[in-house]
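Chemist: what would the 3D arrangement of this be:
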Amino acid sequence: MSLSASSTAAKGKIPATVITGFLGAGKTTLVRHVIENARGRRIAIIVNEFGSLGIDGDILRSCAVPGCTEEDIVELANGCLCCTVADEFLPTIEALLARENPPEHILIETSGLALPKPLLKAFDWPAVRSRVTVDGVITVVDGPAVAAGRFAEDPEAVEAQRAADASLDHDNPLAEVFEDQLGSADLVILNKTDLLDEAAIDALGAEIASRTPRAVKIVPAREGKVDPLVLLGIGAAAEDDLAARPSHHDAVDGEHEHDDFDSFDVEIGEVASPEALVEKLKAVAESFDVLRIKGFVPVNGKPMRLLVQGVGGRFRHHFDIAWPAGTPRTGRLVVIGETGLDRAGITAAIQAL
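Modeler: Sure thing, here's the model as predicted:
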């Protein structure tokens, strides 16, 4: 069975899967799992990295999957993809289509702040519509984060919103993003279920189902490990049923603001202990109201890079690949949060670790 055996693909269109979800939900892990199990299929990946460091692209390239080359991973690092459709996304798609051997499937990993609807509308452009179809929109949900209200910077506001009527507080952009991502989904991946008990999983499933405008399958997952046969070949042709995918921003034709977010890079030298580093980063995140910290850090006496990823106070870390020969052992971390972050204070705190 083909990994993408949809009727639209059979008509000659290249299927594209849009993977959306809040920061730290596990989109990159899901994408990596797909390409590791591609069974020889040519897959191109468009990564919409939020911030200038390109962490997600490096993570994907470091997985060393046979047949997945550097040219198969395209990074768009200028912030929210839905805000740069004409400037970046469409030229990237056209460049992929112009290859001598174009991809057989395209995976698009959006940033955590991207609204799916403007991106889906881009597939209606004549130069794209005749050759590419949206096979499906997959929304990855960080189960523990949503259960704790951590997909928003202000957990109290999120919990108050949950307790209220079905209408949303449109002044809370994170809540709107979450709703819009669910509203466009053909499949929802409830990720990190290994960190939840059965009652919490059931409650989250019911909550997600109540927020989707139509019946959508919700698939529990651990570490983003979902069979590509489940993810690809949905055949949704999402560009043809935009009306069934409501957005809070439909009334203003997809215009939206992300002015309340900021990101910057911090250089960091070698550290003695990964565990001690993570504990101190947790303290920095808490003290400065940081939404996310991610990047690579050198560890004394270790030839491998330490990959660190944190959302709120939850951090994960592991060694991924060896530092490239001739490259300075200088780490870089991306810090993401609301506008008004104390850059100087955060930088000083991190560099003092």
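
Chemist: where does pLDDT dip in the stretch 101-250 of the chain?
Modeler: 113, 149-175, 249-250 (pLDDT under 70).

Chemist: and the strands in the chain?
Modeler: All strands of the chain, identified by DSSP state E, fall at 14-21, 43-47, 73-75, 105-109, 132-142, 187-191, 217-220, 261-268, 292-297, 304-311, 314-322, 331-338.

Chemist: with distance to Asp240 and mean neighbour count added, can I get these in TSV?
Modeler: Bear in mind the C-beta positions are built from the backbone N, C-alpha and C, glycine included. As requested, these are exported to TSV (distance: least, CB to CB, whole Å; neighbours: other CB atoms under 10 Å):
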stretch	distance to Asp240	mean neighbour count
strand 14-21	13	27
strand 43-47	21	25
strand 73-75	25	20
strand 105-109	17	27
strand 132-142	8	27
strand 187-191	17	25
strand 217-220	20	16
strand 261-268	32	18
strand 292-297	34	24
strand 304-311	34	21
strand 314-322	38	15
strand 331-338	34	21
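
Chemist: could you dump those strands to CSV with distance to Glu239?
Modeler: Listed next are those as CSV, based on distance: least, CB to CB, whole Å:
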stretch, distance to Glu239
strand 14-21, 9
strand 43-47, 16
strand 73-75, 20
strand 105-109, 13
strand 132-142, 5
strand 187-191, 17
strand 217-220, 20
strand 261-268, 28
strand 292-297, 30
strand 304-311, 31
strand 314-322, 35
strand 331-338, 30
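
Chemist: quick one: which of those strands is nearest Ala243?
Modeler: Across these, Ala243 has its closest neighbour in strand 132-142 (14.4 Å, CB to CB).

Chemist: direction included, what does that closest one pair up with?
Modeler: Sheet pairing of strand 132-142 (DSSP bridges) gives strand 14-21 (parallel), strand 187-191 (parallel).

Chemist: and stretch 266-283, which residues are buried?
Modeler: By neighbour count with 16 or more other CB atoms under 10 Å, stretch 266-283 contains the buried residues Val266, Ile268, Val271, Pro274, Leu277, Val278, Lys280, Leu281, Lys282.

Chemist: identify the residues contacting the first one.
Modeler: This means Val266. By CB atoms under 8 Å, 6 or more residues apart in numbering, the contact set of Val266 is Arg332, Leu333, Val335, Ile346, Thr347, Ile350, Gln351.
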